[in-house]
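Engineer: Take this sequence and fold it.
(one chain, ligands or ions: 2)
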Amino acid sequence: MEKVRLGRTNIVVNKNGFGALPVQRVSKEDAKVILRKAYENGIQFFDSARAYSDSEEKIGLALSDVRENIFIATKTMATTVEDFWQDLEMSLKMLKTDYIDIYQFHNPSFCPKPNDGTGLYEAMEEAKRQGKIRFIGLTNHGWKVAKEAIESGLYDTLQFPFSYLASDAEEELVRLCQEHDVGFICMKALSGGLITRSDIAYAYLNQFPHALPIWGIQKESELDEFLSYQECPPALTKEIQAIIEHDRQELSGQFCRGCGYCMPCPQGIVINQCARMSLMLRRAPASGWLSEKWQAEMKKIESCIHCHQCVSRCPYGLNTPELLLKNYEDYQTFLK
Ligand code: SF4
Ligand code: SF4
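Structural biologist: Ligands and ions are numbered 1, 2, ... in the order given. As a prediction, this is how the structure comes out:
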């Protein structure tokens, strides 16, 4: 079982981390089975967020009796000190614990620092003094904020999307984390569903011994896949490298990662699926995407009022209305 050291935290865990966003979508009973099975098979790192509805509660229900054997990371989207404390107290209550190993600012639009006038970083320090958190982390989808956080020396960990579709600039962030001894927690290693072979994703990330992927797990079959790699880690063979190269060429440039940060749309357009429909139709089984439900969702693109709210929120700088239109045209051709 390969291990990862999370930078200056000195937390050393199994290379498989558990991303607990998707357990929101399953029942409490099913979540308990999956989380417990993960723990019993050596997974030690669980990442959640106050914003993931009942994900923290499910971790608390499944794992509070083995709290000292696991590491919990969670997040707050608070923009005021008052909300910070409310979130932290609620997370502790839901997780049934009196401390969080890594408490992270959840995708802030700026890098919180001492004396920046918000009081947020000072609140983190106070929470640490009180023993309610052990380490301070930051998650982001934006390269600039992420780089600033690494170089500031204020953060013990960075959580950032990273997969074999990453750009050179994104790879540079991973190297920077290593240089600054900042733990690198890697989200979206399957690029929001665009990467359909988890063995390839795993083999790629194995090249970065200091990167900890947190796989978004919702089904036992998905968990089993990742557990199987613990015994037999997939190698980066020539065949796998050729597939990576092919995917990079096919997906290079401006594509929607499905993160959803551009939403909500005032017209109710499900941007994070509709703006990448062409890719989903070709990279995953197409039938589900051609249902009446999805035809109706795609039709909503016609109602776009070009307010550009989505453009201003997209961390990848995409021209979302244009991308939606292209995907809609392709979808209609595909349907015919
Ligand atoms: S358009 Fe941008 S923000 Fe919206 S889902 Fe796609 S990548 Fe994310
Ligand atoms: S530009 Fe169109 S898709 Fe984007 S938020 Fe406005 S209405 Fe929605």
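Engineer: can you map out the strands along this structure?
Structural biologist: Ranges of strands in the chain, per DSSP state E, are 3-5, 12-14, 17-19, 45-47, 71-76, 100-106, 133-139, 157-161, 183-187, 211-216.
Engineer: how about those in TSV, adding mean pLDDT, distance to residue 293 and mean neighbour count?
Structural biologist: For the C-beta atoms, the positions are set from N, CA and C on the backbone; glycine is no exception. Output for the strands of the chain, formatted as TSV (pLDDT from 0 to 100; distance: least, CB to CB, whole Å; neighbours: other CB atoms under 10 Å):
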stretch	mean pLDDT	distance to residue 293	mean neighbour count
strand 3-5	95	40	17
strand 12-14	96	38	17
strand 17-19	96	26	26
strand 45-47	98	30	27
strand 71-76	98	31	26
strand 100-106	98	30	24
strand 133-139	98	31	24
strand 157-161	95	27	26
strand 183-187	97	27	25
strand 211-216	96	22	24
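Engineer: mind checking which of these is nearest residue 314?
Structural biologist: Comparing the strands of the chain against residue 314 with CB to CB, the closest turns out to be strand 157-161 (13.1 Å).
Engineer: so which of the strands of the chain gets nearest ligand 1?
Structural biologist: strand 157-161 (9.6 Å; CB to the nearest ligand atom).
Engineer: mind giving me TSV with the strands of the chain and columns for distance to residue 257?
Structural biologist: Below are the strands of the chain laid out as TSV (distance: least, CB to CB, whole Å):
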stretch	distance to residue 257
strand 3-5	23
strand 12-14	26
strand 17-19	15
strand 45-47	18
strand 71-76	18
strand 100-106	17
strand 133-139	14
strand 157-161	7
strand 183-187	11
strand 211-216	13
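Engineer: end to end, how far does stretch 209-227 reach?
Structural biologist: Across stretch 209-227, the terminal residues are separated by 18 Å (CA to CA, to the nearest Å).
Engineer: The closest residue to residue 304 other than its chain neighbours: how many residues sit nearby?
Structural biologist: Spatially, and ignoring its direct neighbours in sequence, residue 304 is nearest to residue 321 (5.4 Å; CB to CB, 6 or more residues apart in numbering). Neighbour count for residue 321, taken as other CB atoms under 10 Å: 20.
Engineer: next one: the one 3 residues further on
Structural biologist: By the other CB under 10 Å criterion, the neighbourhood of residue 324 contains 25 residues.
Engineer: That one: what's it in contact with?
Structural biologist: Contacts for residue 324 (CB atoms under 8 Å, 6 or more residues apart in numbering) come out as 269, 271, 274-275, 301, 304.
Engineer: Those residues: which ones sit near ligand 1?
Structural biologist: By CB under 6 Å from any ligand atom, the members of those lying near ligand 1 are 271, 275.
Engineer: buried ones in the worst-scoring helix or strand of the chain on mean pLDDT?
Structural biologist: Between all helices and strands in the chain, the lowest mean by mean pLDDT, DSSP states H and E belongs to helix 277-283, at a mean of 87. The neighbour-count check on helix 277-283 (16 or more other CB atoms under 10 Å) flags 277-281, 283 as buried.
Engineer: Contacts only, for the residue in the stretch 151-300 of the chain positioned nearest to ligand 2.
Structural biologist: The nearest approach of the stretch 151-300 of the chain to ligand 2 comes at residue 265, 3.2 Å away (CB to the nearest ligand atom). Listed by CB under 8 Å, 6+ apart, the contact set of residue 265 reads 271, 304, 309-310.
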